[in-house]
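[1] mind looking at a prediction? Sequence and model below.
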Amino acid sequence: MLKDSPLYSIAFNKCPRCHQGDFFVTKSAFSRRFDEMHTDCPHCGEPLTPEPGFYWGAMFVSYAFYTIYTLLTFFVFVQWLKVDLDYYLIGLTPTLVLLTPYFFRLARRSWLTIFTSYDPNKQRVQIKNT
Ligand SMILES: [Zn+2]
């Protein structure tokens, strides 16, 4: 995948501005601290929470991911593989719960990437106290 693409930061847990610093503190979405984010990018200093309540919009992105996942699995299992709808729903519910941390992180990275353009030359601004 090209490093200049906005999908790079979404897929690889990177800052959408520099594609170098990590977005979330932990690498894995399935750790106990899956929701902890850096306040600023550790590489370029880009604020990862631009304003209070910024990530409310990520909730709708997350909803879209759940919908896409549900529709894709429905067509694969019920329409294509002819799995009974009851068994499909019994299997779907735990997978939606288990994928919650993954979709949470994916939605937040996607949401910030919408509003941030890639700038590989951005450097951390050092503020000197005088
Ligand atoms: Zn950065």
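    Nice, I can see it.
[2] ok, the residue nearest to Arg33 when sequence neighbours are not counted - how many residues close by?
    If the residues on either side of it in the chain are set aside, Arg33 comes closest to Thr26, at 5.2 Å by Cβ to Cβ, 6 or more residues apart in numbering. Where C-beta positions appear, they are placed from N, C-alpha and C, glycine not excepted. By other Cβ atoms under 10 Å, the residues close to Thr26 number 16.
[3] ok, Thr26 - contacts?
    33-34, 36 (Cβ atoms under 8 Å, 6 or more residues apart in numbering).
[4] phi and psi next, for it.
    Main-chain torsions, Thr26, degrees, to the nearest 10: phi -100, psi 150.
[5] same question for Lys27.
    The phi/psi pair for Lys27 (degrees, to the nearest 10) is phi -70, psi -40.
[6] begin at 433 from now on, thanks
    Got it, the first residue is 433 from now on, which makes the last one we talked about Lys459.
[7] touching the ion at all, the worst-scoring helix or strand of the chain on mean pLDDT?
    Ranked by mean pLDDT, DSSP states H and E, the weakest helix or strand in the chain is helix 438-443, scoring a mean of 93. No - for helix 438-443, no contact with the ion is found by Cβ under 5 Å from the ion; the gap never falls below 8.8 Å.
[8] buried stuff in that helix?
    By neighbour count with 16 or more other Cβ atoms under 10 Å, helix 438-443 contains the buried residues 438, 440-442.
[9] so what does that helix touch, helix or strand wise?
    helix 532-547 (3 or more Cβ pairs under 8 Å, 6 or more residues apart in numbering; DSSP states H and E).
[10] give me the mean pLDDT for the helix it packs on.
    Per-region confidence: helix 532-547 scores 96 on mean pLDDT.
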